[in-house]
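Student: quick one, what's the 3D model for this:
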Amino acid sequence: MTYAEAIDWLFSTQTFGIKLGLEGPKQLLKEFQAFPKHGVKVVHVAGTNGKGSTCAMIDSLARATGKRTGLFTSPHLVDYRERIQVSGRQISEERCAEMLTELRTICESLETHPTFFEITLAVAMRWFREMECELIVLETGMGGRLDATTAVPADVCVITPIGLDHTQWLGDTLAQVAAEKAGIFLPGVPAVSAPQEPEARLVLEKEANALRVPLEFVGEPLLGYPIALPGPHQAWNAALAVAALHRLGLRLDYDVLHYGLSKVKWPGRFERYPATDRPEIILDGAHNPHAAKMLAETWRQQFGDRKATLLFSAVAAKDIAGILELLAPLAERIHLCPVDTPRATPTAELAAAMPVDAPPVTEHANFDEALQAALSSESPVLIAGSLFLVGEAKARLEGGTFQSSMQ
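Tutor: Residues are numbered from 1 along each chain as shown. Next up is the predicted model:
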């Protein structure tokens, strides 16, 4: 298959939906010979918010020590290959197509067809093996206990802040969600966690105790270093990343920390496009209340009391009212549009979720119409509420082709 044909086939596998469980991914990784070689270190990251930023920091810091790294994240914003990177470089279209062609044959021979996410993990792990990565960073797709990434044995487990999200899959209490996240723990394998709400922390401690896992909670943010990602919460993510690498025995001196944190990149999280012949644009994929709270704090840190023009959208099964309660006060006007995914929430439902004291709201038929209207303002434009929306915005701003997905 060509790359275009391979991507078309892969994206068609999304019709198989989400299947939580480890037997399928273990079998696929075995058939594809994609497990890491002996001696390769694996960092496994689960949590509700901050997973991507923490993974990016672990990757950047490890590279600063001279390690060849493999980074697996999801979802992508614009291009599928963003999910699979070796030392900061995406997998090539040619090799990606070759692997997907091989995997298609394997998938057709299996009793249960692997999911989009399982196939993507297999591509990443095989690529990391071929490129002789010394350290691999795996971000869970959802949950942890039955997430496909848990099929890969880890050398250190990381838990970022836990909140309510994907409740239809993970449970509707912090304790239930925490139990799913703690499912990445392995007997005797060290784990580090961000500070947690008492209900979530107790679950993590009980699971760690049962498995004799040495569990450490980060006690303070990492200060005194230039972190390229804005927002006060990123100092906590940095502390978590450093704690994880310490558990692997990596030597992190001042120069490594300074360079690694100052060079870290994680697109779509308070990503700024400076004003030219239009207002400044800020992209942030705040898709649940905890992320929206972090976005609001970062906005006020960067802009003070200055108001934004908010361009907002969200997908189904999210706490849209909870997100808008935190973001609406930042705005002087709000523009709504649907996102380019079957999971899009109609603008009428978005409008109905607005707080009673929200600023004026305008509904639009599509993103381009909403963006044009938002840019007619002199205020900075904040595009937030969904990573699908952020991906579409990045494609427009950078001239890329948006590859919409459901996972």
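
Student: CA only for contacts and neighbour counts going forward, please
Tutor: Will do.

Student: wasn't Thr309 part of a strand?
Tutor: Yes - counting by DSSP: H, G, I helix; E, B strand; the rest coil, Thr309 is part of a strand.

Student: count residues in the vicinity of it, would you?
Tutor: 26 (other Cα atoms under 10 Å).

Student: equivalent analysis for Phe116, please.
Tutor: Per other Cα under 10 Å, the neighbour tally for Phe116 reads 22.

Student: then Ala316?
Tutor: Residues lying near Ala316 (other Cα under 10 Å) number 12.

Student: repeat for Gln14
Tutor: For Gln14, the neighbour count with other Cα under 10 Å is 16.

Student: quick check: the gap between it and Thr120.
Tutor: Gln14 sits 11 Å away from Thr120, going by Cα to Cα, to the nearest Å.

Student: per the record, what domains does the protein have?
Tutor: 3-263, 271-398 (automatic domain parsing).

Student: for Ser404, which of these is the nearest?
Tutor: Ser404 lies closest, by Cα to Cα, to one member of these: domain 271-398, at 6.4 Å.

Student: and the average pLDDT for that closest one is what?
Tutor: Domain 271-398 shows a mean pLDDT of 93 in the predicted model.

Student: will you turn the domains of the chain into TSV that also has distance to Ser404?
Tutor: Output for these, formatted as TSV (distance: least, Cα to Cα, whole Å):
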stretch	distance to Ser404
domain 3-263	8
domain 271-398	6
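
Student: how about the strands in the stretch 201-350 of the chain?
Tutor: Assigned by DSSP state E, counting those that start in this stretch, the strands in the stretch 201-350 of the chain fall at 215-217, 271-273, 281-284, 308-312, 331-336.

Student: run the chain-centre distance for the fourth one.
Tutor: Shown here is strand 308-312, whose average C-alpha point lies 22 Å from the average C-alpha point of the whole chain (Cα atoms, centre = their mean, to the nearest Å).

Student: of the strands of the stretch 201-350 of the chain, which approaches Val242 most closely?
Tutor: Closest approach to Val242 among the strands of the stretch 201-350 of the chain (Cα to Cα): strand 215-217, 12.2 Å.

Student: chain center to that closest one, what's the gap?
Tutor: Distance of strand 215-217 from the chain centroid (Cα atoms, centre = their mean) equals 22 Å.

Student: would you mind listing the buried residues in it?
Tutor: Going by neighbour count (16 or more other Cα atoms under 10 Å), the buried part of strand 215-217 is Leu215, Glu216, Phe217.

Student: what pairs with it, and is each one parallel or antiparallel?
Tutor: strand 191-193 (parallel) (DSSP bridges).

Student: what lies in contact with the strand it pairs with?
Tutor: 156-161, 185, 213-218, 240, 243-244 (Cα atoms under 8 Å, 6 or more residues apart in numbering).

Student: out of those, which is nearest to Gly385?
Tutor: The closest of the contacts of strand 191-193, once distances to Gly385 are taken by Cα to Cα, is Pro161, at 18.6 Å.

Student: same question for stretch 303-313: list its buried residues.
Tutor: Buried residues in stretch 303-313, defined by neighbour count with 16+ other Cα under 10 Å: Lys307, Ala308, Thr309, Leu310, Leu311, Phe312, Ser313.

Student: what about it, how long is it end to end?
Tutor: Terminal-residue distance, stretch 303-313 (Cα to Cα): 22 Å.

Student: so what touches that stretch?
Tutor: Contact with stretch 303-313 is made by 300, 328, 330-339, 345, 347, 350, 370-371, 374, 377, 379-386, 389, as judged by Cα under 8 Å, 6+ apart.

Student: quick one: contacts for Pro380?
Tutor: Residues near Pro380 by Cα under 8 Å, 6+ apart: Pro279, Glu280, Ile281, Ile282, Lys307, Ala308, Thr309.

Student: check contacts around the fourth one.
Tutor: Under the criterion of Cα under 8 Å, 6+ apart, the contact list for Ile282 reads Phe270, Glu271, Arg272, Tyr273, Pro380, Val381, Leu382, Ile383.

Student: next one: the host helix or strand of Arg63 to chain centre, how far?
Tutor: Arg63 belongs to helix 51-64 when assigned by DSSP states H and E. Offset of helix 51-64 from its chain centre (Cα atoms, centre = their mean): 12 Å.

Student: any idea how far Glu349 is from Ala336?
Tutor: No Ala there; residue 336 is Leu. Separation of Leu336 from Glu349 (Cα to Cα): 10 Å.

Student: before we move on, what about Leu324?
Tutor: Leu324 sits at a distance of 12 Å from Glu349 (criterion: Cα to Cα).

Student: more neighbours: the two, which one.
Tutor: Leu324 (22 against 13).

Student: run a quick check on the more buried one versus Asp357, I expect a contact.
Tutor: No - using Cα atoms under 8 Å, Leu324 is not in contact with Asp357, being 11.0 Å away.
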